[in-house]
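Asker: structure of the sequence below:
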Amino acid sequence: MRFALTGKQGSTEKDSKVSHWASLPGLCCQAAGGEAEWADDVTLAWLLFYAAADLMDSVQDQDEPDEWWREKGPGAALAAASGLYFSGSIALDQLNRKEETARAAPGVITDFYHTFLTMTSGQYQDLTAEAATLEDYWRQAGSKSGAFFQLACLAGARLASSDPAILRAYGDYGMHLGLLIQVMDDLDDIRELHNVLPTDLKAKIKRSLPFVYALEMNPAPIQERLIACLHSADQGQSAVDELVSLLDECNAALYVMAEIEQQRQSALAGLERASPLPPYKDALVALARDL
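Answerer: Coordinates of the predicted model:
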């Protein structure tokens, strides 16, 4: 199997990506026996916290700024992120004020703050690690994308159930769904390697699963060539083409596709253990299968 040198299928906008998943808290709440509207404040908080974390990550990773803060600078982005975090906290506080969610509110709020502490730790490791190994990759992916989607599912289910086994199962579904999404995003980034790369995309490729796998599983001469091609990928098309060829020769695509299927099956197994109610089970299965 080879990496296709074609553009990413579907939308590449970050906001479109996360809005696609905004149904998760409500679906998990209903699947666990609750009502969709119970999860409205959880969904709002989840989206606000995501927007805040995404802004802070963009500044910390020195990504290409969005148009609205390009001229105003990173300080404006960080100020907006702070406001989004506090707005998310206000949304969470509404859980305490509603009869149908007050019982679950303390647990849900704790889940949110613990999760974003975990994600902050993952971001710190991502920024400070000099070279990622496969072990590093999976740990960091679990503490960021995995934890974020685990939160959506766990918090939604907690509004309707207090059974620890059920909550763990929904959390497992969300964790593996998040890992699946992360790996597929990495695969899409590699598939976009058909032009000279901007600096921020070079940094993403360096931390992507195909590149980390190829670097770890091959001898020093290939490692050196991979690093050299990536280093030169913002200077000429030949380096980009050679990088893709090297990844193909290292069977990185085969490994990534195998991991995609493994994460999908693990997500579905977690969902099965949760014993979700129909028809919400079908909707949650489709979210994992249709990726």
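Asker: neighbours around residue 106, how many?
Answerer: Applying other CB atoms under 10 Å, we find 12 residues neighbouring residue 106. The way it works is simple: take the backbone N, C-alpha and C, and place the C-beta from them, glycine included.
Asker: restrict the helix or strand encompassing it to CA atoms and write it as CSV.
Answerer: Taking DSSP states H and E as the criterion, residue 106 maps to helix 105-128. Coordinates of each C-alpha in helix 105-128 appear next as CSV, following Å, rounded to 0.1, in the frame of the first residue of the first chain:
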residue,chain,number,x,y,z
ALA,A,105,-22.5,18.0,37.9
PRO,A,106,-19.6,17.5,40.3
GLY,A,107,-18.3,14.4,38.5
VAL,A,108,-18.7,16.0,35.0
ILE,A,109,-16.9,19.2,36.1
THR,A,110,-14.1,17.2,37.6
ASP,A,111,-13.8,15.1,34.4
PHE,A,112,-13.4,18.3,32.4
TYR,A,113,-10.6,19.8,34.6
HIS,A,114,-8.7,16.6,35.0
THR,A,115,-8.9,16.0,31.2
PHE,A,116,-7.6,19.4,30.3
LEU,A,117,-4.8,19.1,32.9
THR,A,118,-3.9,15.8,31.1
MET,A,119,-4.0,17.5,27.7
THR,A,120,-1.8,20.4,29.0
SER,A,121,0.7,17.8,30.1
GLY,A,122,0.6,16.1,26.7
GLN,A,123,1.2,19.4,25.0
TYR,A,124,4.2,20.2,27.2
GLN,A,125,5.7,16.8,26.4
ASP,A,126,5.0,17.4,22.7
LEU,A,127,6.8,20.8,22.9
THR,A,128,9.8,19.6,24.9
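Asker: which is the next helix or strand following it?
Answerer: Using DSSP H and E, the first helix or strand after helix 105-128 is helix 134-141.
Asker: which other residues reach that next one?
Answerer: Under the contact criterion CB atoms under 8 Å, 6 or more residues apart in numbering, helix 134-141 has outside partners 122, 125-126, 129, 132, 178-179, 182-183, 207, 209, 212-213, 216.
Asker: pLDDT, neighbour count and distance to residue 162 added to those residues, as TSV?
Answerer: Below are the contacts of helix 134-141 laid out as TSV (pLDDT from 0 to 100; neighbours: other CB atoms under 10 Å; distance: CB to CB, whole Å):
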residue	pLDDT	neighbour count	distance to residue 162
122	86	20	28
125	83	15	33
126	79	19	34
129	75	14	38
132	78	21	38
178	97	25	23
179	97	26	26
182	94	23	30
183	95	25	32
207	89	19	38
209	95	26	36
212	95	22	39
213	96	23	40
216	94	16	42
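Asker: quick one on the thing from earlier: tell me the helices and strands packed up against the helix holding residue 106.
Answerer: helix 40-60, helix 74-93, helix 134-141, helix 147-158 (3 or more CB pairs under 8 Å, 6 or more residues apart in numbering; DSSP states H and E).
Asker: which residues outside stretch 220-238 are in contact with it?
Answerer: With contacts defined as CB under 8 Å, 6+ apart, stretch 220-238 is touched by 193, 195-199, 202, 205-206, 211, 214-215, 218, 239-240, 242-243, 246-247, 250.
Asker: may I see the helices and strands packed on helix 105-128 organised as JSON lines, with mean pLDDT added?
Answerer: JSON lines is the format used below for the helices and strands packed on helix 105-128 (pLDDT from 0 to 100):
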{"stretch": "helix 40-60", "mean pLDDT": "93"}
{"stretch": "helix 74-93", "mean pLDDT": "96"}
{"stretch": "helix 134-141", "mean pLDDT": "93"}
{"stretch": "helix 147-158", "mean pLDDT": "98"}
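Asker: could you dump these into TSV with distance to residue 68 and mean neighbour count added?
Answerer: Shown next, in TSV, are the helices and strands packed on helix 105-128 (distance: least, CB to CB, whole Å; neighbours: other CB atoms under 10 Å):
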stretch	distance to residue 68	mean neighbour count
helix 40-60	10	21
helix 74-93	8	16
helix 134-141	28	18
helix 147-158	23	28
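Asker: residue 108: which of those is closest?
Answerer: The minimum distance between residue 108 and the helices and strands packed on helix 105-128 falls on helix 147-158, with 4.8 Å, by CB to CB.
Asker: can I get the closest one as PDB, trimmed to CA atoms?
Answerer: Extracted as PDB, the C-alpha positions of helix 147-158 are listed here (Å, rounded to 0.1, in the frame of the first residue of the first chain):
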ATOM      1  CA  ALA A 147      -8.500  12.300  26.200                       C
ATOM      2  CA  PHE A 148     -10.500  15.000  24.500                       C
ATOM      3  CA  PHE A 149     -12.900  12.500  22.900                       C
ATOM      4  CA  GLN A 150     -13.000  10.300  26.000                       C
ATOM      5  CA  LEU A 151     -14.200  13.400  27.800                       C
ATOM      6  CA  ALA A 152     -17.100  14.000  25.400                       C
ATOM      7  CA  CYS A 153     -18.400  10.500  25.700                       C
ATOM      8  CA  LEU A 154     -17.800  10.000  29.500                       C
ATOM      9  CA  ALA A 155     -19.300  13.400  30.400                       C
ATOM     10  CA  GLY A 156     -22.400  12.700  28.300                       C
ATOM     11  CA  ALA A 157     -22.900   9.200  29.700                       C
ATOM     12  CA  ARG A 158     -22.300  10.400  33.300                       C
END
